[in-house]
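1. here are the coordinates; sequence isn't available:
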């Protein structure tokens, strides 16, 4: 059994970044390079997100949760308009982590199979 923080760090946060990257590109017209810069990652990571090579199982599970969808839209809109600082982004990610670490949500993610 994995600790909640391990599950969130390994599966949930990359999936969350994937959802944000996809929305930055599809909704706001960012390039993969620009999205990577906003998320503090590489263009290669963004490419993996789009080719479903990274975290796709959890992306599907998370994108159907209203709380996550709302957080993704909020962060994406703020990243696109430049109205979120790196500190605020970190706080948002911590809030996501805290909201997801409940056993009910983690159990629904079916992460014990990894």
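-> It's in. Computed from a predicted model, the values in this text were never measured in an experiment. Residues are numbered from 1 along each chain as shown.
2. what helices or strands is the helix or strand hosting residue 79 leaning on?
-> Under the criterion of DSSP states H and E, residue 79 resides in helix 66-81. Judged by 3 or more Cβ pairs under 8 Å, 6 or more residues apart in numbering; DSSP states H and E, helix 66-81 is in contact with helix 13-28, helix 56-63, helix 86-100. All C-beta spots, glycine's among them, are computed from the backbone N, C-alpha and C.
3. can you tell me which of the ones you listed comes nearest to residue 36?
-> helix 13-28 (7.6 Å; Cβ to Cβ).
4. can you mark which positions in the helix or strand following that closest one are buried?
-> Once the chain leaves helix 13-28, the next helix or strand it forms, by DSSP H and E, is helix 32-39. Of the residues in helix 32-39, 32, 34, 35, 36, 38, 39 count as buried by neighbour count, 16 or more other Cβ atoms under 10 Å.
5. just put the residues you listed in JSON lines and tack on distance to residue 88 and pLDDT.
-> Shown next, in JSON lines, are the buried residues of helix 32-39 (distance: Cβ to Cβ, whole Å; pLDDT from 0 to 100):
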{"residue": "32", "distance to residue 88": "23", "pLDDT": "95"}
{"residue": "34", "distance to residue 88": "19", "pLDDT": "95"}
{"residue": "35", "distance to residue 88": "18", "pLDDT": "93"}
{"residue": "36", "distance to residue 88": "19", "pLDDT": "92"}
{"residue": "38", "distance to residue 88": "13", "pLDDT": "90"}
{"residue": "39", "distance to residue 88": "14", "pLDDT": "88"}
